[in-house]
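*Asks:* turn this into a model:
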Amino acid sequence: MFEFLALITNKHYWKFHSIIIKLILKSYGISVGKGFYCEGVPLLKLRGKAENIQIGDYVSFLGNVDLRNRENGKIIIGNHVAIDGNVRLVAANDTILSIGEHTGIGAFTVFNCGVDVLIGKNCLISGQCYFQSSEHGIRNNGQLIAHQPHTYGTIQIGDDVWIAANVTIAKNVILEDGCVVGAKSFLRNTTFSKNSIIAGIPAKTIKMRI
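*Replies:* Just a heads-up that it's a prediction; the model follows:
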């Protein structure tokens, strides 16, 4: 229905829609800055404090965006961030999920954060990427995996990083400024230096940007 109204009004409907969505989000206690734009309906699964979700100025939700927090998890979206449809942002425990200003995130990307995931400024994150800063424990083969303690490791993405489609980034990864990650790569327990071009399963540096 929303899409039909946008179609017949040459997308002008979304401006009115965005005002309504902003008011609803603020009624929950979520901080929303000026210039908020939304072409969908945010999906809220808040088992933590609503005020731990902060949306900066001129943020765009270009479809339905799934916002979830538990315990003291915080989601901080910087100014001028654009998030495509069906993106999921999850922050649990005492995690900070931070997305720096002017970063764009493609459709169906998931941030599943058990500890901090910090995304820099001016990053390009393509669709269907997966960020996972926790893992199920597997050390005790006499116990169900689902019942074993998780292990954790932060993910830090610098400024001006391009992550191509279908990339998985697991715990303990640092991408310094200017890195490029090729499609379908898998990154875990590695630091990549500034301006690295990275690809593979497991990912490795294949060359440097000139």
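*Asks:* okay, CA-based contacts and neighbour counts for the rest of this
*Replies:* Fine.
*Asks:* so where's the chain shaky on pLDDT?
*Replies:* Across the chain, no stretch falls below the confidence threshold (pLDDT under 70).
*Asks:* centroid-nearest residue for this protein?
*Replies:* With distances taken as Cα atoms, centre = their mean, residue 111 lies nearest the centre of the chain, 4.5 Å away.
*Asks:* quickly list what that one is bridged to.
*Replies:* Taking DSSP bridges as the rule, residue 111 bridges to residue 89, residue 131.
*Asks:* that one contacts residue 131, doesn't it?
*Replies:* Yes. The pair residue 111 / residue 131 is scored as a contact, 4.7 Å apart, by Cα atoms under 8 Å.
*Asks:* returning to what we had before: quick one, what contacts the residue nearest to the centre of the chain?
*Replies:* For residue 111, the contact set (Cα atoms under 8 Å, 6 or more residues apart in numbering) comprises 88, 89, 90, 130, 131, 132.
*Asks:* now these in CSV, with distance to residue 72 and neighbour count?
*Replies:* Shown next, in CSV, are the contacts of residue 111 (distance: Cα to Cα, whole Å; neighbours: other Cα atoms under 10 Å):
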residue, distance to residue 72, neighbour count
88, 18, 20
89, 14, 18
90, 12, 23
130, 22, 19
131, 19, 19
132, 18, 23
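*Asks:* dump these into JSON lines; add distance to residue 13 as well.
*Replies:* As requested, the contacts of residue 111 are exported to JSON lines (distance: Cα to Cα, whole Å):
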{"residue": "88", "distance to residue 13": "25"}
{"residue": "89", "distance to residue 13": "26"}
{"residue": "90", "distance to residue 13": "29"}
{"residue": "130", "distance to residue 13": "32"}
{"residue": "131", "distance to residue 13": "33"}
{"residue": "132", "distance to residue 13": "36"}
